[in-house]
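# Below are the sequence and a predicted model for it; my questions follow.
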Protein chains: 2
Amino acid sequence: MSGRSRSRAVSPPRRGAACSVDLVCISREAASLVVLLQHGARRTWRLPSAMLRAGGDLEDAVAALTRTVVGRDIAWRQQAGAVTAGSHPDGAAVSVGYVVIVSSGTAAPPGAAWHGSGELPRSLAARHSAVVGAAVAHVRARTDQSPVAFRLLPPMFTLGELQEVYELLLGRTLHKASFRRALSAARLVEPTDKWRSEGRGRPAQLFRYAPRRRARVARTARFDLLGG
Amino acid sequence: MSGRSRSRAVSPPRRGAACSVDLVCISREAASLVVLLQHGARRTWRLPSAMLRAGGDLEDAVAALTRTVVGRDIAWRQQAGAVTAGSHPDGAAVSVGYVVIVSSGTAAPPGAAWHGSGELPRSLAARHSAVVGAAVAHVRARTDQSPVAFRLLPPMFTLGELQEVYELLLGRTLHKASFRRALSAARLVEPTDKWRSEGRGRPAQLFRYAPRRRARVARTARFDLLGG
DNA sequence: TCAATAGTGTCTGTTAGACATTATGGA
DNA sequence: TCCATAATGTCTAACAGACACTATTGA
């Protein structure tokens, strides 16, 4: 354990660890994933970030940073990776990227704006572009293992919206009947008594995320994503 | 390696990023995943690691570390994550863990030994235990997306051995006929003209990893691993 | 009534899992 | 010969994808 050696932290590196925590807030606008960028120096854009204090904890740092940026902590977050490529606007040698997901429709805080994840501004440092890329890839790769899609949606949503989010994350269209059949079997959502009418057609029923079944393990080995 | 930084227990690195690169070499022995640990100070065990030089690149550092530890670079490697929990034997504030996979049957280099990933020695620092845990979880979670199983095996292997590795990584038994059917459809292996006889039964044909098909995307959304 | 969208029932080809059978060596 | 293990063929239930159909609103 570490209790004893904690005393060693009495004389840790004197100047802060040259390590930053960079926050990638991901949301959705229409058919795009969007990332929250802040105004940086000299008309550049940058990710919200904080230097890690000497002896500081990554999770604590990202929680504090999240509170600063979006006004509240967001429980669900994942580390997207540590990078040294390029240079960091604050001079960090290493940047640790974290992803949080923000419900679509959330307004950007002052001094910040949403940018499409596929069309990042050129003034974004290469380091930060790499972090965003890793974060988006991370989220996409975990679509079927984390409730990412539901975090991108407001608490009540239509099945059409849910399918749109899945199609956005997975990067391909899905078959409507199959999608709903599988969703129903997974018992992840429950209907509400609310309906939403938009434009012409029949109104869509609103659902909420209410997983009722423990995660089921896949039965067989899958080789689909492997290969040459 | 740790020789130079061993002196750190006396006075921590003053300058430079207080960031270490920790290497998790994973291999297989019988029905267990094993991790390569080195002898540390005062009869402890530790992961091979190196302090990141100021301005140094993570990938360069881990490549150099890999050469030092196993005598050669290993092209396939993945970052398992950055952690600050506990304390690092060399005083790093942040440790970035990397995983490489070593073919089973590889002898441990001098001063190191293989340890079962589920029964790590108590003298391993909490920081390093966390890194190992993240690394093993990382590998297991990517079994079906990375050729991890084949890296755990020698160049020629029987289908029974391959299935054993998959069962070890996935943590459950697999159906033999289904496993082979899916493997055949994926065109990942090709038979050799060699056979191996072990004990009583019919000899098993040896195969080699020779992916012939581009990775195929899964067609439908999967909700199996999601939920309550 | 028409157009547009939501939601569902049915059919079919594919596939996973169970089971049985053949193949081939050692004891 | 018997036994143990490899490898494979067949059957069936489950499922994915296609399609068509009904339902319900606004124009």
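Here it is on my side, so go on.
# For A:A177, pull up the helix or strand it's in.
Element membership for A:A177 (DSSP states H and E) is helix A:176-186.
# Show me the domain layout of chain A.
Domain assignment for chain A, taken from automatic domain parsing, gives A:7-141, A:151-225.
# Which one, of these, ends up nearest to B:A130?
domain A:7-141 (11.4 Å; CB to CB). For every residue, glycine as well, the C-beta is placed using N, CA and C.
# rewinding a little: list the helices and strands the helix holding A:A177 packs on?
Counting contacts by 3 or more CB pairs under 8 Å, 6 or more residues apart in numbering or on different chains; DSSP states H and E, helix A:176-186 packs against helix A:159-170.
# So for the helix it packs on, mean pLDDT?
Mean per-residue pLDDT for helix A:159-170: 97.
# Okay, helices next: where are they in chain A?
A:58-70, A:126-141, A:148-152, A:159-170, A:176-186 (DSSP state H).
# okay, those helices in JSON lines with mean neighbour count and distance to DNA strand C next?
Output for the helices of chain A, formatted as JSON lines (neighbours: other CB atoms under 10 Å in any protein chain shown; distance: least, CB to the nearest atom of the strand, whole Å):
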{"stretch": "helix A:58-70", "mean neighbour count": "18", "distance to DNA strand C": "30"}
{"stretch": "helix A:126-141", "mean neighbour count": "20", "distance to DNA strand C": "21"}
{"stretch": "helix A:148-152", "mean neighbour count": "24", "distance to DNA strand C": "16"}
{"stretch": "helix A:159-170", "mean neighbour count": "19", "distance to DNA strand C": "4"}
{"stretch": "helix A:176-186", "mean neighbour count": "15", "distance to DNA strand C": "4"}
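# Flag every buried residue along the longest strand seen in chain A.
Assignment by DSSP state E gives strand A:19-29 as the longest strand of chain A. Judged by neighbour count (16 or more other CB atoms under 10 Å in any protein chain shown), strand A:19-29 contains these buried residues: A:19-28.
# Mind picking the two most distant members of those residues?
Most distant of those, by CB to CB, are A:C19 and A:R28, 30.1 Å apart.
# How about A:G118, nearest residue that isn't a chain neighbour?
Excluding its sequence neighbours, the residue lying closest to A:G118 (CB to CB, 6 or more residues apart in numbering or on different chains) is A:S32, at 6.9 Å.
# May I see the helices of chain A arranged in JSON lines, with distance to A:V99 as well?
Shown next, in JSON lines, are these (distance: least, CB to CB, whole Å):
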{"stretch": "helix A:58-70", "distance to A:V99": "10"}
{"stretch": "helix A:126-141", "distance to A:V99": "4"}
{"stretch": "helix A:148-152", "distance to A:V99": "9"}
{"stretch": "helix A:159-170", "distance to A:V99": "13"}
{"stretch": "helix A:176-186", "distance to A:V99": "23"}
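# Make CSV from the ones you listed and add distance to DNA strand D to it.
Shown next, in CSV, are the helices of chain A (distance: least, CB to the nearest atom of the strand, whole Å):
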stretch, distance to DNA strand D
helix A:58-70, 36
helix A:126-141, 18
helix A:148-152, 17
helix A:159-170, 11
helix A:176-186, 4
